[in-house]
Structures are given as C-alpha cells and as structure tokens.
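K.L.:
With the input below, show me the fold.
(chains A and B)
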2 protein chains.
Amino acid sequence: MKKLNVELGEGSYSILIGSDLLAQSGVLFAANGVKGRIMVVTNPTVAQWYLEPLMDSLRSSGYQAEAFLIPDGEEYKSLEQANRIYDQLVKGKYDRKSVLVALGGGVIGDLTGFVAATYMRGIRFIQVPTTLLAQVDSSIGGKTAVNHPQGKNLIGVFYQPSLVVSDVATFGTLPDREFSSGMVEVIKHGVILDPEYFKMLLNELPALKTRKPELMTEIVEGSCRIKARIVQEDEKETGLRGILNFGHTIGHALESITDYQYYKHGEAVAVGILAALKIAIRNDTLQDSGLEQSLAFLFGALDLPTAIPGLNVAEIISLLYLDKKVEYGKVRWVLPERLGQVTISNEIPGETVKDTLLELGGV
Amino acid sequence: MKKLNVELGEGSYSILIGSDLLAQSGVLFAANGVKGRIMVVTNPTVAQWYLEPLMDSLRSSGYQAEAFLIPDGEEYKSLEQANRIYDQLVKGKYDRKSVLVALGGGVIGDLTGFVAATYMRGIRFIQVPTTLLAQVDSSIGGKTAVNHPQGKNLIGVFYQPSLVVSDVATFGTLPDREFSSGMVEVIKHGVILDPEYFKMLLNELPALKTRKPELMTEIVEGSCRIKARIVQEDEKETGLRGILNFGHTIGHALESITDYQYYKHGEAVAVGILAALKIAIRNDTLQDSGLEQSLAFLFGALDLPTAIPGLNVAEIISLLYLDKKVEYGKVRWVLPERLGQVTISNEIPGETVKDTLLELGGV
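P.N.:
The predicted model follows:
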C-alpha cells in the first residue's frame, strides 16, 4: 500500500493506494482517526460488487454505518439527488460529527462531496473511488459539484475529503471504455507536468492494458502525486491549477452538446486535448513535434475518439462561453508548449478555434 | 462612516457602517476594488425603498447591474429559490468574476451568500444589509445557508463576503418588531463578551429606541467588532465561536415548532436567552444575580416575548437534537456565568431543561 499526503493546511489529508483495500477499510478508517456515524453513498452498479465488503469491514471495526443509493448515471449528479441525501441525513438525525463516504466513480464522489460540504456547513467526507478516473482525478483537489441543466459542475464548492482510500483491484470490474476514459487524465498529467511519467506510460502501455495491480498502484500514485503538487500550490484555482483544465475547454462543450450521452468524460477530454494541440500548432506555439504522434499512439491503443464527426461548430463555440473558465467574457485556453509544459492564453482568435473544430470533423 | 476590517487571511474583508451609504454604494464598491458584472438579489419589500438608489448609484459608477427578486419571507430561504437564482445566473451567462449583491435582511443575505458560495464553486459576494439583525449578526462571519423543511440553516457553507455596506438609515423603514428582534443579538453580544457595551445599551435605551443614525452607527460598529473578534479567532466554529449560539439552542427549536410563523428570529432568541439563564440558575452556575433583572428590563422595554405559553415541551426537547450544535448526540448549551462571560456545557440533565421550559409556560 502507498500513502500520499496532500498538504493543504487545515484541509490536509492522506490518499491510500493499493490492492484489496476495500475489505480493510474499517481498519484503515480507524487508523486514520475516523469516528462518528457513517452514511455510505453509492449506486446499484457499484454496490453489487463493493458495498458488502465495505460495510462488513466498517461494521467489524465497530462503525455504525448505513448505505444510501443514488441511481447510476451523470444525470443524477443533480441538486435533486443532493436533496434526497439531505432528507435522509435529516431523517436519520445525522449530526455535525457524522461522516459521508462516497463509494463509486466521479458522479458519486462529486455529489457526495457537495452534500458533505453543505450539510450543516460541512461534515467529514471520505472518498472510496472505484474507477480509474475518480482515483486519479476527481478524488484529489476538493472539487465537489452537481450539474445544472445548462452546464456541468456549475453548482459546487471546494471541499477537501478527510481521507481517500483507492483500491486498484476495483478496476477489475471497469468496462474498457471507462478504463480508457480514466487513462486520458493519467496521460494529461504527464503532458502538462511530468515527461518521465508520460514516457513510463508509453513504455508500459501493453502491461497497463492488463490492469496489473502493482502497475496500477504505481500509475495512480504517480497521477495523484502530480495533481497533488498542483493543488497544493493553488487550491482554489486562481492560477497554476488552471493547467489541469488542459483538454477540458472543448471537452466540456462536447459533453454538453451531446447531452452527456455520447462521450465518456475522458473521451471528450481526449478530443479536447487533440483540439488544444491543433490550436497550439495553428497558433505557432507548439515546440515539440513528437507530442502529436505520441498522443495519437496512446489514444489509438486505448480506442479513444479522435474526431467530432457531424457536431455543430458554432454551437460548440457558443458553449465555450458558459464554461467556468471564462473570465470577463474571455475563454481561457490551456495549450501545450512541449511535453511537460503548457501555457494559458485567453487571446486565441475565434477563427483559429473554428478552423480547428472543422479540421476535427465538425460542421 | 466607520470602517471595520475583519481579518480572516484570504477571506478578509471590510465592513462600512454609516448613514445614507446606499446612495454612495457605487463609489464605495469602486473604492474597495469591486469589478465585474453585478446581480443584486433582494425582495419586493426592500426593493420598494432601496433598490432604485442602489442601482442608480452602481450604474452611475459604471457598473453593469441587474436585479433579481425573491419573495419576502423565511420560507423562501430554500434550495428552490437558490435554484431560481442559479437559473438566472446561467441564463445571463454570469461568469466566475461576477458579483452577487444581497440587498435585504438575513434571509436575502444567507440565501444569496449560499448561491455565491456554490455558483461555479464561488463568486464574489457583497452584503448590503437593511435590517438591524442582518447588520449586527448575519452579515458577519460568513455563515450562508438555506433551510431544510425539517430544520433551519441545515444546508449551507462558510463563505466570506468581499465587502459589507451597512447603511443604518435603512432602520427608518424597519417595523418595531424587526428592530427589537435585531436588538436581541446586540444585547447577546454584550452578555457573552462585553460588559461595557451591555452597560452602554442599558444607558442609551431611550435614545436607541428613536434609532438615531449616530447612535445606531456606534451600536452596529460595536456589535460587529465583538462578533468579528470571535469569528477571527474561530472562523469555522470549532470552539470559541460556539458562544455566539447563546440563546439559539432553544431559540431555533421555538422557531421550528411554530413553523417560523409566530416568532421573529430575535424574539425566539430572547426567550432562548431567558431559558439559558434559568438553566444556569437551576444548574447553580450563574454567578451574577443582576443579569436576570437587566435582561428583563431591556427585553421589557423592547416589547420582546418572555414566555412560551402553550407550546409542547416534549416536542421542543426532541427538536433540540436536530440542532447543528448537537455533537455525538449531545446538546451543547451556552450558559451565562456572569455579564460578559458564558460557558459551554453538554452535560445538562434533560429534567433541568424540561423544568425550565415548563417554568416558561410550556405544557
């Protein structure tokens, strides 16, 4: 088991990463000072495999724990479902010293985190992420949120968990598309900040597709380390943290225009990364001719989409302006400069964006 | 005009207090570095007097500002109304650099603050409180919230405003009951921490009932200073800040049991303060025999309720356990020891509470 400490002053916490940690969660919670009544929030898909081992472990360590189920799907990351959890907490007389545990992927983590942050102005919150995406991305950095009908994550707060328990054995039940989607954020971490990590991914590609627990532990730990480094420097995203949005400007718009039905999050980000790369080329600021090839190789091997056939370019562009990254009416672009180095620009001409989207197959 | 700085690290901000500040708000905003598009949230009652001067002032200082109205009343401090504001912000393409201004009393302030804290994970927020209660209490300390059908302020976060502009001339339109209700928090500040301030209130009682702007400026500034001192030491209410809940344990239960229809907030707290006093007497920990008399005098002069005729004691007690102050299933009581000094206890026997409530007229 690896342990990574995220240092955020009062909001500091540990991430535990390893194989078969779920069945030890009671012991791990106790060892990390967790006390109080526990409500586990999860969905039926995750519950069928992982709820029982978690609950058994918590109860044998003496915790009073109950579970609450949210339907599976991005459309349930809503204020309405948050309200259902509030109701359950109030009905069960959960007090300020209670603990909410998120067992599942990003939807469960973001939603549960939002409720934990806002119930009685904040109760403790533990993440037990069961997808690659959640382990390397949404469980680090304290971004909690629900979606608004007109935009993803528009309602949320920054709120750090007390503990993250990442069991890489849960990848065993992850569909291929989900796994590849998670790998996009892993690859992103290499591109924006860590050439060595990126090269390791290129080298280990055949092995990582078999999801070996030892390699997965290393990959998750590496990604968490990179993301933690960024978040520690800029918790509230006033500067540096913006680079984590690499690929997300277009990515979010693609998810939105397809009603979150067509792309997995990572798939949309993969296309967004390619778009950012092409914008940087058009903008004459990409200084690394090998990057495009490496990304094409990785995305290809992971069966990720690389185009946006048939989507309306004008509509995508208008959606960009609803992104949270828009400031004073300008879109902020994170563009690659070379492997391990990106820059932020809010001066990309609309024509460049339009031409890039047309090049990617938009209409 | 008086200016008070609340020092909370990154969350520091200024409170401006004086007469006729509303008509200067554009200049005051600009002088305090406010920029970005503005949405003013208010209610029709407040709007009829104060919206126009505020909007005129903002616009003549070059701000782009629009107003959004919430119906008047505690029942509109809800997730539903928060959602209406989110919708309006999304529809108007308000970005992260936008500013929400709360023009009104505690309901408007708490609701608008909650939306500001959660829209895009936090946009800037300015309080322009127009009631005594909001100026001395809810506008300091960063407590934002909406009510849950089963309990007041159950959904919320800590989020500091960027600026508070408190115009004491707005008390001119405040009904007597609202004014007296606000005075309860003013009196509370004296009792828990500042004997001199409390004595000033006793001495100035006839003058303060006329709401003279100079005296009101002094009173609001004094209360803000006391509350700021507490909040600066304990922003998230892990310790000291708990003393601000003096009178609120019973107070909240009384509001809840009467469906927020019978008591004004301060009125319920007044009865709660008397209850805490009587509990301290029964508990043999009150060391100041004059305090009961002084409070009776002040509350009497302000026409505040001093009893709970006909309310069900068992029901009130069961409501106490839903209060946010409950930790590990125990009610935390803030009890007076002497003028300027309170203690916190979670070891008050149920019988003592019951007898006190019966003494106050409960059944």
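K.L.:
Tell me the gap between the lengthiest strand in chain A and the middle of its chain.
P.N.:
Taking DSSP state E as the criterion, chain A has its longest strand at strand A:151-158. From the chain centre to the centre of strand A:151-158 is a distance of 13 Å (Cα atoms, centre = their mean, to the nearest Å).
K.L.:
again with stretch A:214-227
P.N.:
Distance, centroid of stretch A:214-227 to centroid of chain: 14 Å (Cα atoms, centre = their mean).
K.L.:
For the strand or helix carrying residue A:230, which helices and strands make contact with it?
P.N.:
Here residue A:230, judged by DSSP states H and E, is contained in helix A:213-233. For helix A:213-233, the elements it packs on are strand A:2-6, strand A:13-18, helix A:176-193, helix A:195-208, judged by 3 or more Cβ pairs under 8 Å, 6 or more residues apart in numbering or on different chains; DSSP states H and E. For glycine as for every other residue, the C-beta is placed from the backbone atoms N, C-alpha and C.
K.L.:
tell me the most buried of those?
P.N.:
Highest mean neighbour count among those (mean count of other Cβ atoms under 10 Å in any protein chain shown): helix A:176-193, with a mean of 23.
K.L.:
Contacts for the helix holding residue A:230 next, please.
P.N.:
Residues from elsewhere that reach helix A:213-233 (Cβ atoms under 8 Å, 6 or more residues apart in numbering or on different chains): A:2, A:4, A:6-8, A:15, A:17-19, A:132, A:135-137, A:140-142, A:166, A:168-169, A:171, A:185-186, A:189-190, A:193-194, A:197, A:200-201, A:204, A:207-208, A:240-241, A:243-244.
K.L.:
next helix or strand past that helix?
P.N.:
Taking DSSP H and E, what comes next after helix A:213-233 is helix A:248-257.
K.L.:
Export the longest strand of chain A to CSV, keeping only CA atoms.
P.N.:
Output of strand A:151-158 as CSV, limited to C-alpha atoms (Å, rounded to 0.1, in the frame of the first residue of the first chain):
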residue,chain,number,x,y,z
GLY,A,151,-23.9,23.2,-17.6
LYS,A,152,-21.7,20.6,-15.9
ASN,A,153,-20.5,21.3,-12.4
LEU,A,154,-22.0,24.8,-12.3
ILE,A,155,-23.0,24.3,-8.7
GLY,A,156,-20.4,23.3,-6.2
VAL,A,157,-17.7,24.2,-3.7
PHE,A,158,-14.1,23.4,-2.9
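K.L.:
touching chain B at all, that strand?
P.N.:
Yes. Looking at strand A:151-158 against chain B by Cβ under 8 Å from any Cβ of the partner chain, the contacts come from A:151, A:153, A:154, A:155, A:156, A:157, A:158.
K.L.:
Tell me the secondary structure at residue A:100.
P.N.:
Three-state assignment for residue A:100 (DSSP: H, G, I helix; E, B strand; the rest coil): strand.
K.L.:
Please name the bridge partners of it.
P.N.:
residue A:39, residue A:125 (DSSP bridges).
K.L.:
for stretch A:187-202, the distance to its chain's centre please.
P.N.:
Its chain's average C-alpha position is 17 Å from that of stretch A:187-202, according to Cα atoms, centre = their mean.
K.L.:
Outside of the host helix or strand of residue A:300 itself, list whatever touches it.
P.N.:
Taking DSSP H and E as the criterion, residue A:300 maps to helix A:290-301. Contacts to helix A:290-301, defined as Cβ under 8 Å, 6+ apart, come from residues A:183-184, A:187, A:191, A:198, A:201-202, A:205, A:209, A:270, A:273-274, A:277, A:281, A:286, A:306, A:336, A:338-339.
K.L.:
Mind doing that once more with 6 Å?
P.N.:
A:187, A:205, A:270, A:277, A:306, A:339 (Cβ atoms under 6 Å, 6 or more residues apart in numbering or on different chains).
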